[in-house]
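> after the sequence you'll find the predicted model.
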Amino acid sequence: MIEPGTPAPDFSLRNQDGEEVSLESLRGGTVVLVFYPLDFSPVCTDQLNVYQEVLGELHARGVEMYGVSVDSAYSHKAFQEKLGVSIPLLADFHPKGAVARAFGVYDEERGVSARALVMIGPDGAVVWSYRSPSPLEIPGANLIFDALDERAAA
């Protein structure tokens, strides 16, 4: 798992609308990448719904959030519409899991991303990261807010 203080690996992925999103395009703001295994799985559905509930609070604190999984942009679009979420979803589809590997969160055994959160600061460096000990454990939104509070207090 990528450690705080490490420059975030460069990436360029398509979102649910087929638009390219790159690390470079995200510079200047704080970003949380939400790595999750698969669209339409029950736990991933719950996870994104939890984050959608606090998305306004994150935006108020200057944070943008992006979901990342090995699914295609087409799957992401259908998943986003089914859930009614506005969190942009990035397709780490081909080569499969390349970005998750670069961030150290690809689960080789299952062929999907582990469930993890990575916060990237305005300068493109990782400022906080968390990996769930189990694919069934959703990292709560409180972890993100705690990390933001720690950064603000530093």
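Looks like it arrived, so ask away.

> the helices in this protein, which residues?
Assigned by DSSP state H, the chain shows helices spanning 23-26, 42-60, 73-83, 98-102, 141-153.

> can you report how many residues lie near residue 132?
Neighbours of residue 132 under the rule other CB atoms under 10 Å: 19. C-beta: built from backbone N, CA, C; applies to glycine.

> from residue 111, how far out is residue 126?
24 Å (CB to CB, to the nearest Å).

> look at those two and report which has more neighbours.
Using other CB under 10 Å as the criterion, residue 126 and residue 111 rank with residue 126 on top: 20 against 12.

> got the contact list for the more buried one?
2, 3, 4, 5, 6, 7, 8, 118, 119, 120 (CB atoms under 8 Å, 6 or more residues apart in numbering).

> adding distance to residue 33, pLDDT and neighbour count, write those residues out as TSV.
Below are the contacts of residue 126 laid out as TSV (distance: CB to CB, whole Å; pLDDT from 0 to 100; neighbours: other CB atoms under 10 Å):
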residue	distance to residue 33	pLDDT	neighbour count
2	10	96	19
3	15	95	9
4	14	96	13
5	16	95	8
6	13	96	14
7	14	97	12
8	8	97	22
118	5	98	25
119	8	97	23
120	7	97	25
